[in-house]
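Asker: test case, fold it:
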Amino acid sequence: MADRDLVSRSGKGAALTSADHDQNLNALASTTETQTGATYEVVFTDHNKLIELNNASMTCTLDAVADIAAAIDSGVSDFRINLFNLNSAAATVSPTGSDTINGVNASITLLQYESVILQTNTAGDGWDIVGVRKQLASPLLTTPQIQDTSADHQYIFAVNELTADRTVTLPLLTGNDTFVFEAHTQTLTNKTLTSAVLNTSISGTAFLDEDNMASDSDVKAASQQSIKAYVDRTAGTISARASVGTSTSATDTGPTGTVEELRVSFAALSTAGSGDILIRIGDSGGVESTGYRSSADTGSDSNSASTGFVLNSASVAAADVIDGFVIISRTTSNSWVCSGTAYHNNSGSWTKTAAIGGFKTLSGALDRVQLVSTAGNFDGGVWKVVYTRSA
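Answerer: Okay, the predicted model is just below:
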């Protein structure tokens, strides 16, 4: 080839001048050649060239460093060659005689798309590898390091002691991505966690601490405290079933929070004398005994009261028994309506089932309810109150 016919000491028959060197270097700098034969020998005219090797059984032999030095008539370390294997088969690069490559008298192998830059060493007895691009095939790395962008710090990889080999498989990425690290703060997208264990605490816009559950979201999580607070405020609070005692009244104090509704159940209520049995409600100022609109009606007889929600349609006598329930619901602000049913047994001589209704406005928020007898002391019966609160 024409670019091999350069000025050489043997061809000129005399030492090369500076002008000869400049001519050769300018002619050869960054020149690329593709070699497709089974063998190729690197000679002094290949200085600074990129030689592409493209043969299924390529063997590339490096000329003796001593011969190259004699031919170029300059410091031996001036000579450099870049070899690049294009072929899918491996290419072999071999030194001549006792010459070495990186101090070893042995060949090196280039896989497809691997390249190596070789430079004659200063001792004049071999080649130094000054640049390499390798296709890593199951390489064994010990504490590898990667330079940062400014090349003043390194990422240093370290390992733990394994009990067996472990395979790490990278996913098929559809775009650029980053690794996830244990202590590095990162935002993860589209991750599915299986049997996840979350310790200490969690936070973020998808985690809410709302005692009233106002956002009503179907894609966000609530805190334990907010769930408990919401349940405590809205779920029914049940007062234990209790005897009405032997006085003229029994009082139950309601729960904290805003009461929306209460259900009063009663059974086997009886009194020592004649009169009415009433349910009264109250606020922090006490149970209120006026301002009620109330009646109990069977269709054939009726009883009304302004001092409480009356439970009996006919006067209660000693040894009579009253069973039933009423529901008292808040309408607006502190106004309440009452409805229910009561069964009245007059010592077995007759029975009446009355529909109960009524209305009452309190001075403040309801926080108590009272069962009252105007027929003397209670002498039997039990009652229970269930409160429902708002958020």
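
Asker: low-confidence bits of the stretch 201-350 of the chain, can you list those?
Answerer: With pLDDT under 70 as the threshold, the stretch 201-350 of the chain has low-confidence stretches at 231-238, 240, 255.

Asker: now the strands: where do they sit in the stretch 201-350 of the chain?
Answerer: 207-208, 221-222, 237-238, 242-243, 249-253, 259-271, 277-283, 286-287, 293-297, 302-305, 309-310, 321-330, 335-345 (DSSP state E, counting those that start in this stretch).

Asker: okay, those, which one's buried deepest?
Answerer: With neighbours defined by mean count of other C-beta atoms under 10 Å, none of these is more surrounded on average than strand 309-310, at a mean of 28. Using the backbone N, CA and C atoms, a C-beta is placed for each residue, glycine as well.

Asker: what does that one rub up against?
Answerer: Residues outside strand 309-310 that contact it (C-beta atoms under 8 Å, 6 or more residues apart in numbering) are 276-280, 292, 294-296, 303-304, 326, 328, 338, 356, 358, 360.

Asker: how about a cut-off of 6 Å?
Answerer: Strand 309-310 is contacted by residues 276, 278-279, 294, 296, 303, 338, 358 when judged by C-beta atoms under 6 Å, 6 or more residues apart in numbering.

Asker: okay, those in a markdown table with distance to residue 51 next?
Answerer: Putting the contacts of strand 309-310 into a markdown table (distance: C-beta to C-beta, whole Å) gives the following:
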| residue | distance to residue 51 |
| --- | --- |
| 276 | 116 |
| 278 | 111 |
| 279 | 106 |
| 294 | 110 |
| 296 | 112 |
| 303 | 117 |
| 338 | 103 |
| 358 | 106 |
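
Asker: domain parsing for the chain?
Answerer: Structural domains annotated on the chain: 2-133, 202-233, 237-389, as defined by automatic domain parsing.

Asker: so for residue 172, which of the ones you listed sits nearest?
Answerer: Closest approach to residue 172 among the domains of the chain is made by domain 2-133 (21.5 Å; C-beta to C-beta).

Asker: nearest spatial neighbour of residue 66, chain-adjacent residues omitted?
Answerer: Counting by C-beta to C-beta, 6 or more residues apart in numbering, residue 124 is the residue found nearest to residue 66 once chain neighbours are left out, at 6.4 Å.

Asker: the one you found: how many residues sit nearby?
Answerer: Applying other C-beta atoms under 10 Å, we find 15 other residues in the vicinity of residue 124.

Asker: from residue 70, how far off is it?
Answerer: Shown here: residue 124 relative to residue 70, a distance of 10 Å by C-beta to C-beta, to the nearest Å.

Asker: do the same with residue 273
Answerer: Distance from residue 273 to residue 70, counting by C-beta to C-beta: 139 Å.

Asker: also residue 187?
Answerer: Remark: distance between residue 187 and residue 70 (C-beta to C-beta) = 65 Å.

Asker: which of the contacts of strand 309-310 lies closest to residue 46?
Answerer: Closest approach between the contacts of strand 309-310 and residue 46, by C-beta to C-beta: residue 338, at 108.0 Å.

Asker: isn't that closest one right next to residue 358, touching?
Answerer: Yes. Contact criterion C-beta atoms under 6 Å: residue 338 and residue 358 qualify, at 4.0 Å.

Asker: which residues touch residue 52?
Answerer: By C-beta under 6 Å, 6+ apart, residue 52 lies in contact with 34, 84, 86.

Asker: now distance to residue 116 too, for the strands of the stretch 201-350 of the chain, in a markdown table please.
Answerer: Conversion of these to a markdown table gives the following (distance: least, C-beta to C-beta, whole Å):
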| stretch | distance to residue 116 |
| --- | --- |
| strand 207-208 | 55 |
| strand 221-222 | 57 |
| strand 237-238 | 82 |
| strand 242-243 | 95 |
| strand 249-253 | 91 |
| strand 259-271 | 83 |
| strand 277-283 | 93 |
| strand 286-287 | 99 |
| strand 293-297 | 103 |
| strand 302-305 | 108 |
| strand 309-310 | 100 |
| strand 321-330 | 88 |
| strand 335-345 | 93 |
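
Asker: to residue 375, which of those strands lies closest?
Answerer: With C-beta to C-beta, the closest approach to residue 375 among the strands of the stretch 201-350 of the chain belongs to strand 259-271: 4.0 Å.

Asker: and that closest one, what does it pack onto?
Answerer: In terms of contact count using 3 or more C-beta pairs under 6 Å, 6 or more residues apart in numbering; DSSP states H and E, strand 259-271 is assigned the packing partners strand 321-330, strand 378-389.

Asker: now these as TSV including distance to residue 158?
Answerer: Formatted as TSV, the helices and strands packed on strand 259-271 follow (distance: least, C-beta to C-beta, whole Å):
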stretch	distance to residue 158
strand 321-330	67
strand 378-389	58
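
Asker: which of these sits closest to residue 176?
Answerer: Ranking the helices and strands packed on strand 259-271 by their distance to residue 176 (criterion: C-beta to C-beta) puts strand 378-389 first, at 53.4 Å.

Asker: all set now, cheers.
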